[in-house]
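Q: Provide a 3D model corresponding to the input given below.
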Amino acid sequence: MSIHREMMNLYQGFISKLEEFELHDTFEEIACNLTFLLSALKAAVSCEYHSEVDEEKTRSRELACEIVGFEIFQNEHHTNIDRAGKKAIQLATDWLYAFEIS
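A: Prediction:
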């Protein structure tokens with residue numbers, strides 16, 4: 001599970017630096033990078049399910065919702081995504097809609 005935490009930290013640190021330095025073009029490139037986003041999404045979903053700490057579960061769920069909200073995951077059918085990736089997308093999408101309703 002520590003590798004999942006590290007992936008989440010890597011993603012959040014990277015996005016934070018892009019925002020800090022106002023690197024919007026690079027941010028757009030990342031927002032279109034399915035491999036990077038899917039890795040971070042799987043890590044977040046895994047941490048949400050396997051963590052025993054409520055704060056980490058909440059942080060993981062929020063991160064998964066942020067990632068699945070990117071346009072690349074909206075209304076697209078990705079045939080080259082493995083089963084675990086598709087499941088992570090579905091779970092995060094369900095969480096996102098649950099947050100929007102409440």
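Q: which stretches of this structure form strands?
A: With DSSP state E as the criterion, the chain has no strands.
Q: roughly how far apart are the closest residue in space to I30 that isn't next to it in sequence and A98?
A: Closest residue in space to I30, ignoring its immediate chain neighbours: F36 at 6.2 Å, by Cβ to Cβ, 6 or more residues apart in numbering. C-beta here means a position set from N, CA and C on the backbone, and glycine is covered the same way. Distance, F36 to A98, using Cβ to Cβ, to the nearest Å: 25 Å.
Q: same deal with L18?
A: Counting by Cβ to Cβ - L18 and A98 are separated by 28 Å.
Q: Then D25?
A: 33 Å.
Q: more neighbours, F36 and A98?
A: F36 (17 against 11; other Cβ atoms under 10 Å).
Q: Just to check, the more buried one is in contact with E29?
A: No - with contact defined as Cβ atoms under 8 Å, F36 does not count as touching E29 (9.5 Å).
Q: Show me where this protein has its helices.
A: For the chain, the helices defined by DSSP state H cover 2-20, 24-31, 34-50, 54-68, 83-101.
Q: relative orientation of the first one and helix 54-68 in degrees?
A: Relative orientation of helix 2-20 with respect to helix 54-68: 60 degrees, computed using axes from the mean of the first three to the mean of the last three Cα atoms, to 10 degrees.
Q: what's the weakest-modelled helix or strand in the chain?
A: Ranked by mean pLDDT, DSSP states H and E, the weakest helix or strand in the chain is helix 24-31, scoring a mean of 83.
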